[in-house]
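Engineer: what's the 3D shape of this:
(2 chains, ligands or ions: 2)
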Amino acid sequence: MTVLSLSKALNEGMRKAMEDDPKVLVMGEDVGKLGGVFRVTDGLQKDFGEDRVIDTPLAESGIIGTAIGLALRGYRPVCEIQFDGFVFPAADQIITQLAKMPMRSLGAIKLPVVVRIPCGGGIGAVEHHSESPEAYFTHTAGLRVVACSNPADAYSMIQQAIRCDDPVVFFEPKRRYWEKADVDTSSTDWWTPFDRARVVRPGADATLLAYGPMVKTCLQAAAAAEEDGRDLEVVDLRSLNPLDQPLVMESVRRTGRVVVVHEAPVNSGFGAELAARITEQCFYHLEAPVLRVGGFSTPYPPSKLEEHYLPDLDRVLDAVDRAFGY
Amino acid sequence: MTAEASRGAEAPPELVQLLTPEGERVEHPDYDIDLTPEEVRSLYRDLVLVRSIDLEAVALQRQGELGIWASLLGQEAAQIGSGRALTDADMAFPTYREHGVAWCRDVDPVKLLGLFRGVNHGGWDPKEHNFHLYTIVIGSQTLHAVGYAMGIQRDDAAAATLVYFGDGATSQGDVNESFIWASVFNAPIVFFCQNNQWAISEPLEKQTRIPLYRRASGFGFPGVRVDGNDVFACLAVTRKALEAARTGQGPTLIEAFTYRMGAHTTTDDPTRYRVASELEAWKLKDPIERVKAYLFKNELADQAFFDALDAEADQLGADLRRRCLAMPDPQPLDIFDHVYREPHSLIDEERAQFAAYLEGFEK
Ligand SMILES: Cc1ncc(C[n+]2csc(CCOP(=O)(O)OP(=O)(O)O)c2C)c(N)n1
Ligand SMILES: [Mg+2]
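Structural biologist: Ligands and ions are numbered 1, 2, ... in the order given. Below is the predicted model of the structure:
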C-alpha cells in the first residue's frame, strides 16, 4: 500500500501504462516540463522523453485531431485538456470524428484515445475553470465516459481507460486532486472493471447516486443523516456511459428512494437520464420521485458565489428530506 | 529559429525600434513619431501607473483578496503604446492581461479586479469604453473583433478595431480563422499579438517556426514586428496600422516583441520551466527605464516630476486596495441575474425555489 493523492495516483497510473506499452503517449498544453498545471503529468517527460510526452501547440482541436491520427498509426494517446471549459474547441474533433470513425470503418479502425478533463468547481477559479461538461459527451454515442472520485479508482481507471480500445472521456474531480488515500500499486486483483459502479456506503433507506467530486459530498451527507437515524446508501457510478444499470437498479429497488447529485446544471443534466431509466425500470419500487440536486440553470457563477451554486451537504439532505416527504 | 534567437537579449534585425533600451532615440525609415515633451511625460506616467496598479493587484492576490491575477509586468509599453493609438471611436478587444489598455480606455482599475476577486465575470460596460470584456478562452475574441470590424465597415464609420492576443494564441484555430476573415473581407482591424515569449510553460518555439509577424503574408496582409518594450515604437506602429484600417487598407498584424517578466498568473511557478538569466537579460530592456532615461537625458522632466509621479503611483495603489476591499460581495440570488435579457420561466422558478430554500435557514 502506498499513500497517494488523487493527482499522484493518476500520475502513477499513466507512468505504469507508459512502462507497459511503448505506444502510450501523453499530450497536451504544459504537460511536459511543467508537468501540467495540476502536476498530474509531473516527471513523465523527464522519464519518457519529449517524443512520448508532448507539449503541444495551444490548440485543443489540434490536440484531439492529431491524437486521432496518432491512434490511426497505432499509438494510444492520452490527451490532457487543461480545464473543463477549454474542451469546446476540441468538441468538433471529439464529436464528429473521434466518436464516429470506428463505426464508419465497420470495425476496421480502433481509436484508443483518452481525453482527460479536470472537471468541476470548488477551487475559487475564474470562469471556464469550473465546468461540468459530462452530459455533452454522454449524449455522444461512440464515447465511453467515466469519472473517478478517489485515488485508488484514479490509479486503476486511468490504466483501464488507456488499455481500452474505445475512445474514453475521463473526468477528474479537480478539487479532489490533493486528497490522499491508500492505493495498492502492487496488484490488480482489487480492480473493478471501469464500466462498473460501486456501492461506496451501503444503506437501507435511500440511495444517493453520484460520481466524481460529489461522491465525497454524498458520503458526508450520509454520515450526517445517520445522526438523524437515516441510513443512506451511496453509489459511485464511476462510468456514465455505459451506465452500470444492474447495480443502480438493484440499489433503488432495495431503498425505494433516490437522490441524484451532480455539479452540472440539473436541467438536461446526466441526472435526467438516471431519473428516466430508474422510473422506467423501478417504477413500482419507488416511494418517491427521483430527485435531483445539481447546479442551477445559469452559467457557473463567480467564485464568491460558487458555494451556493455547488450542491453541498445541506442541499443533499434537503432533497433526502423531500424524498421522505412523499 | 532557435530558442536563443527568439528569446535572447539581442534585438532581431526586423524589429521596429524608436527608443533603445538605453533611452536613445533612433530613426526608422517607415515609422516616425513626433511627441511633445508633455506627451512623452504623459506616456511615462501611464507606464508607471499601470505598473503600480499591477503590483498592487499581485499584492492583493498574495494576501488572499484576489483569487488569481494575470500580471502585465514587462508588457506595459506594448499595452500603453498600442492603447494610446486608439481613438474614442475605435474598439479594442482584450485577453485577460490588458490592464494597461483598460487604463487607456478609462476603465476604472477597480473594475478589473471584480473578475479576479470572484465577484463578477466582467464588470464594465464595453460600450461605454469601447473596450470589450476580458476573454479567457484563448483566441475567441479575435473572431469577435473581426465581426465588429465588419460592422464598422458596413456602417462606413471612421473607426477600426484593435484585438489583442498572445503568442500561444496564434496556434488556435479561431485566431487563424480570424486572419482569413479579416483578409477576405478587408476588415478594418489591427491584430496586436503580444509575443511575451511564453504561453504558461511553453516557449515560443512550441507554437511557431517562423517569426509570428511573418505569418501575416500567408494570409494576405502586412505584418510588422515592433519592439514591444518601446512605447514610442508601439504607438507609432499601431497608429499607422489603425489609420490604414480606417482608410480601407485592411488588416495588419503587429507582433510586439516583449517579455512576460512575471509568472503566467499568480498560481504559476516559472522556476519550473525557465532560467533566471533570461529574465535578467530582459530586465535590461525594461519598458519604463528607457523612457525615464530619455526624459532625464533630454531634460524633459526634473526630479520634482518623478517624485510627484511616485507619490501619485503610491496613492493609486493604496486607493485601489481600499476600494478592492470595499467591493461588495455578490448575493446568492444574484446567480440568476442577467442570464437572459427577456423573462425566463425556468430561471424564475429556480430563483424562487432557491430563495425559499435560503429562507429555511433563517428560520
Ligand atoms: C482555449 C483555451 N485553452 C487553454 C487555456 C488555458 N490557458 C490560459 S492562458 C494560456 C496560455 C496563453 O498564452 P499566450 O497566448 O501566449 O498569452 P499570455 O498568457 O502569454 O499573455 C493557456 C494555455 C485557455 N484559457 N483557453
Ligand atoms: Mg504569451
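Engineer: ok, residue 206 - contacts?
Structural biologist: No chain was given, so I picked chain A. Counting by C-beta atoms under 8 Å, 6 or more residues apart in numbering or on different chains, A:Ala206 makes contact with A:Arg230, A:Leu232, A:Glu233, A:Thr255, A:Gly256, A:Arg257, A:Val258, A:Val259, A:Val320, A:Ala323, A:Phe324. For every residue, glycine as well, the C-beta is placed using N, CA and C.
Engineer: oops, I was thinking of chain B
Structural biologist: Contact criterion C-beta under 8 Å, 6+ apart gives A:Asp55, A:Thr56, A:Pro57, B:Ala199 as the residues in contact with B:Lys206.
Engineer: could you dump those into JSON lines with pLDDT added?
Structural biologist: Below are the contacts of B:Lys206 laid out as JSON lines (pLDDT from 0 to 100):
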{"residue": "A:Asp55", "pLDDT": "98"}
{"residue": "A:Thr56", "pLDDT": "98"}
{"residue": "A:Pro57", "pLDDT": "98"}
{"residue": "B:Ala199", "pLDDT": "98"}
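Engineer: filter these down to the ones close to ligand 2.
Structural biologist: The subset of those within reach of ligand 2, by C-beta under 5 Å from the ion, is B:Ala199.
Engineer: out of the contacts of B:Lys206, which comes closest to ligand 1?
Structural biologist: Set against ligand 1, the nearest of the contacts of B:Lys206 by C-beta to the nearest ligand atom is B:Ala199 (3.2 Å).
Engineer: determine the number of other residues adjacent to the closest one.
Structural biologist: Other residues near B:Ala199 come to 24 when the count uses other C-beta atoms under 10 Å in any protein chain shown.
Engineer: ditto for B:Glu128
Structural biologist: For B:Glu128, the neighbour count with other C-beta under 10 Å is 10.
Engineer: quick check, it in a strand?
Structural biologist: No: secondary structure of B:Glu128 (DSSP: H, G, I helix; E, B strand; the rest coil): helix, not part of a strand.
Engineer: check it and give its pLDDT.
Structural biologist: Taken from the predicted model, the pLDDT recorded for B:Glu128 is 98.
Engineer: returning to that earlier point: max pairwise distance over the contacts of B:Lys206: which two?
Structural biologist: Pairwise distances across those peak at 10.6 Å for A:Thr56 and B:Ala199 (criterion: C-beta to C-beta).
Engineer: one step back: list only buried entries from the contacts of A:Ala206.
Structural biologist: A:Arg230, A:Leu232, A:Glu233, A:Thr255, A:Gly256, A:Arg257, A:Val258, A:Val259, A:Val320, A:Ala323 (16 or more other C-beta atoms under 10 Å in any protein chain shown).
Engineer: which one of those residues sits closest to B:Ile254?
Structural biologist: Using C-beta to C-beta, A:Val259 is the member of the buried ones among the contacts of A:Ala206 that sits closest to B:Ile254, with 55.6 Å.
Engineer: now do the shared contacts for A:Thr56 and B:Ala199.
Structural biologist: Common neighbours of A:Thr56 and B:Ala199 (criterion: C-beta under 8 Å, 6+ apart): A:Glu29, B:Lys206.
Engineer: could you chop chain A up by domain?
Structural biologist: Each domain of chain A is listed here as a residue range: A:2-183, A:198-325, per automatic domain parsing.
Engineer: as TSV, the buried ones among the contacts of A:Ala206 with distance to ligand 2, secondary structure and pLDDT would be great.
Structural biologist: Compiled in TSV, the buried ones among the contacts of A:Ala206 are given as follows (distance: C-beta to the ion, whole Å; DSSP: H, G, I helix; E, B strand; the rest coil; pLDDT from 0 to 100):
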residue	distance to ligand 2	secondary structure	pLDDT
A:Arg230	53	coil	97
A:Leu232	49	strand	98
A:Glu233	50	strand	98
A:Thr255	53	helix	98
A:Gly256	56	coil	98
A:Arg257	53	coil	98
A:Val258	48	strand	98
A:Val259	45	strand	98
A:Val320	49	helix	98
A:Ala323	51	helix	98
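Engineer: looking at this, B:Glu237 is in a strand?
Structural biologist: I think there's a mix-up here, since residue B:237 is Val and not Glu. No: with three-state DSSP as the criterion, B:Val237 is located in helix rather than a strand.
Engineer: name the nearest residue to it, sequence neighbours excluded.
Structural biologist: With C-beta to C-beta, 6 or more residues apart in numbering or on different chains as the criterion, B:Val237 has its nearest non-adjacent residue at 4.5 Å, and that residue is B:Val226.
Engineer: then B:Val16?
Structural biologist: Sequence neighbours aside, B:Val226 is the residue nearest to B:Val16 in space, at 4.5 Å (criterion: C-beta to C-beta, 6+ apart).
Engineer: what residues are bridge-paired with that neighbour?
Structural biologist: With DSSP bridges as the criterion, the beta-bridge partners of B:Val226 are B:Val16, B:Ala256.
Engineer: how about the residues of the stretch 1-150 of chain A that lie near ligand 1?
Structural biologist: A:Glu29, A:Leu58, A:Glu60, A:Gln82, A:Phe86, A:Pro89 (C-beta under 6 Å from any ligand atom).
Engineer: list the contacts of the residue nearest the centre of chain B.
Structural biologist: In chain B, the C-alpha closest to the average C-alpha coordinate belongs to B:Glu98, at a distance of 2.5 Å (C-alpha atoms, centre = their mean). With contacts defined as C-beta under 8 Å, 6+ apart, the neighbours of B:Glu98 are B:Leu72, B:Gln79, B:Gly83, B:Ala92, B:Tyr134, B:Tyr164.
Engineer: the third one against B:Gly100, yeah?
Structural biologist: Looking back up the chat, that one is B:Gly83. Yes: the pair B:Gly83 / B:Gly100 is scored as a contact, 6.1 Å apart, by C-beta atoms under 8 Å.
Engineer: could you report the neighbour count for the spatially closest residue to B:Arg351 that is not a sequence neighbour?
Structural biologist: Distances taken as C-beta to C-beta, 6+ apart put B:Phe336 closest to B:Arg351, at 4.2 Å, once the chain neighbours are dropped. For B:Phe336, the number of neighbouring residues by other C-beta under 10 Å comes to 21.
Engineer: cool, and the one 10 residues further on?
Structural biologist: Using other C-beta under 10 Å, the number of residues around B:Leu346 comes to 14.
Engineer: skipping adjacent residues, who's closest to it in space?
Structural biologist: On the basis of C-beta to C-beta, 6+ apart, the spatially nearest residue to B:Leu346 that is not a chain neighbour turns out to be A:Ser297, at 5.2 Å.
Engineer: where do the strands sit along the stretch 201-326 of chain A?
Structural biologist: Counting by DSSP state E, counting those that start in this stretch, one finds strands in the stretch 201-326 of chain A at the ranges A:206-210, A:232-236, A:239-241, A:258-265, A:291-295.
Engineer: list the residues that contact residue 179.
Structural biologist: You didn't say which chain, so I picked chain A. Each residue near A:Glu179 by C-beta under 8 Å, 6+ apart is listed here: A:Ser5, A:Leu6, A:Asn150, A:Pro151, A:Lys216.
Engineer: meant chain B actually
Structural biologist: B:Phe191, B:Arg215, B:Ala216, B:Phe219, B:Phe221, B:Pro251, B:Leu253.
Engineer: 10 Å - rerun?
Structural biologist: By C-beta atoms under 10 Å, 6 or more residues apart in numbering or on different chains, B:Phe179 lies in contact with B:142, B:146, B:170, B:189, B:191, B:215-216, B:218-221, B:223, B:251, B:253.
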